[in-house]
Structures are given as structure tokens and as C-alpha cells.
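Novice: Sequence and computational prediction follow.
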Amino acid sequence: MGLLGDLGIDVRLLIAQIINFGLLLFLLSRFVYEPAMKRIEEDEAAEGKLKELEKQTTEFEERKKAENLKAKRRTREMLKEAEGIAEKIQAQARQEAETEKQAIIAQIQARLKEIENAD
């Protein structure tokens, strides 16, 4: 101890500073370092979750667009099919109307012949 005293170092002050440093190190690690590290880890975890949610959102939007395109295509197909059916029904109705018209004309002509023959 005489050597440290010869160098101008107070041993009691050195021991007190070592204790103070140890206490400061303990307090900082306990109340600053651990909470800061915990917060950083939580932030990283939250960032990872956020990226995953963004990825899922992007995938969902892509699927939604694809489904919308499929639905639009199917709707167009259904409209074309419905138009085709409507045209067939109209054609059939015209044919039936023409047939009825011809039948009515035939009845009228037959009735006119009956009237002419009756005179």
C-alpha cells in the first residue's frame, strides 16, 4: 500500500470510487440498459409484425384484384349468355307470332270464302 501512497493515490478513495463505479454500473444496467434493450426488442418485434401485416395486406389486395377480374369475366360471360337466350326467346316469339298471324289470316280467308259462298 505504500507504493500507491508514494504515487499519490489515496487507497480509501480508490476503494470508494471502485464501489461507486460498481454501484453505478449495477444501477445503469438494471434501470437503463435492460429496459432499453427490452424496448428495442419490442420495437423490432412490432416492426416484424408490421412488415408481416403489410405483406398480408398486399397479398390480400392482389387476391382481391384477381377475384374481381374473375367476377367481371364471369359477369360478362353471363351477360352474353343471357343476351343469347333473350335473342332465342325473341326469335321464338317472332316465329310464334308469325305462325299465329298466318293462322289468323287463314281463318279470315276461310271465313271470307264462307261468306262469299253463302251469298
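Specialist: Yep, it's here. Numbering: from 1, shown residues only.

Novice: Leu14: neighbour count?
Specialist: Around Leu14 there are 11 other residues, counting by other CB atoms under 10 Å. The way it works is simple: take the backbone N, C-alpha and C, and place the C-beta from them, glycine included.

Novice: give me the element it is part of.
Specialist: In this structure, Leu14 sits in helix 11-28 according to DSSP states H and E.

Novice: next SSE after that helix?
Specialist: Taking DSSP H and E as the definition, the helix or strand that follows helix 11-28 towards the C-terminus is helix 34-118.

Novice: what angle do that next one and helix 11-28 make?
Specialist: Counting by axes from the mean of the first three to the mean of the last three CA atoms, to 10 degrees, helix 34-118 points 10 degrees away from the direction of helix 11-28.

Novice: So which elements touch helix 34-118?
Specialist: If you count contacts as 3 or more CB pairs under 8 Å, 6 or more residues apart in numbering; DSSP states H and E, helix 34-118 packs onto no helix or strand.

Novice: Return the distance of that helix from the chain's centre.
Specialist: How far helix 34-118 lies from its chain's middle: 23 Å, per CA atoms, centre = their mean, to the nearest Å.

Novice: now swap in stretch 7-14 and tell me
Specialist: With CA atoms, centre = their mean as the basis, the distance from the averaged C-alpha position of stretch 7-14 to the chain average is 71 Å.
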